[in-house]
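Enquirer: how does the following fold in three dimensions:
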Amino acid sequence: MAKETVSRYWEDLEIGEEYTTPSRTVTEADIVSFAGLSGDYNELHTSEEFCKNTAFGTRIAHGLLGLALASGLFTRTEFCLQTSKNLVAFLGLDWKFKRPIKIGDTLTVKVRVVDKKETKNPGRGVYTLKREVYNQRGEMVQEGETQLMIKRRS
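Expert: As a prediction, this is how the structure comes out:
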């Protein structure tokens, strides 16, 4: 029997709530697919020979690929499953790329509610999430904050 997901509203969210996503390993296919999808064929992502002479020594994932993977991993958290039916809009982000993500790196995201605010519309509120992306060595590779609008209880 499937477990019923609790539906949460703005009022139900608590500053300080923390969640950790499942992990995902970045593959060469991810990088090649993202290059094709985005049109970004920069040699840092596509040429192993070119990268041998860079500070990275090997190909690295697109920064935006890391952000996209972090977003996808977030959707697999209990928090996201509980709020998805009440989500109104993604409002924006402030994001930093701290370290390169390489083929074979396994990413995990730590998510924490850091702020929530009422809006002029009594049916909606905004919350801010701090997201930190770590590789398998515990190194933070990306971090940032995202703002999402969610329904309030009527």
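Enquirer: now do the host helix or strand of Glu132: distance to the chain's middle.
Expert: Per DSSP states H and E: Glu132 is located in strand 124-134. In terms of CA atoms, centre = their mean, to the nearest Å, the centre of strand 124-134 is set 9 Å apart from its chain centre.
Enquirer: and it, what does it pack onto?
Expert: helix 63-74, strand 106-118, strand 140-151 (3 or more CB pairs under 8 Å, 6 or more residues apart in numbering; DSSP states H and E). Where you see a C-beta, it was placed from the backbone N, CA and C, and this is true even at glycine.
Enquirer: could you check the angle the last one makes with strand 124-134?
Expert: Strand 140-151 and strand 124-134 are oriented at 160 degrees to each other (axes from the mean of the first three to the mean of the last three CA atoms, to 10 degrees).
Enquirer: please renumber so the chain begins at 442
Expert: Yep, numbering from 442; the last one is strand 581-592 now.
Enquirer: just checking, what packs against strand 581-592?
Expert: Secondary elements touching strand 581-592 (3+ CB pairs under 8 Å, 6+ apart): helix 504-515, strand 528-538, strand 565-575.
Enquirer: out of the helices and strands packed on strand 565-575, which is closest to Gly457?
Expert: Of all the helices and strands packed on strand 565-575, strand 547-559 sits nearest to Gly457, with 6.6 Å by CB to CB.
Enquirer: buried set for the closest one?
Expert: Of all the residues in strand 547-559, those buried under the rule 16 or more other CB atoms under 10 Å are Leu548, Thr549, Val550, Val552, Arg553, Val554.
Enquirer: now tabulate these in JSON lines and tack on pLDDT.
Expert: As requested, those are arranged in JSON lines below (pLDDT from 0 to 100):
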{"residue": "Leu548", "pLDDT": "98"}
{"residue": "Thr549", "pLDDT": "98"}
{"residue": "Val550", "pLDDT": "98"}
{"residue": "Val552", "pLDDT": "97"}
{"residue": "Arg553", "pLDDT": "98"}
{"residue": "Val554", "pLDDT": "98"}
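Enquirer: how distant is the helix or strand of the chain with the lowest mean pLDDT from the center of its chain?
Expert: Between all helices and strands in the chain, the lowest mean by mean pLDDT, DSSP states H and E belongs to helix 519-524, at a mean of 92. Chain-centre distance of helix 519-524: 14 Å, with CA atoms, centre = their mean.
Enquirer: what's it in contact with?
Expert: Thr446, Val447, Ser448, Arg449, Leu454, Glu458, Tyr460, Phe515, Val552, Ile591 (CB atoms under 8 Å, 6 or more residues apart in numbering).
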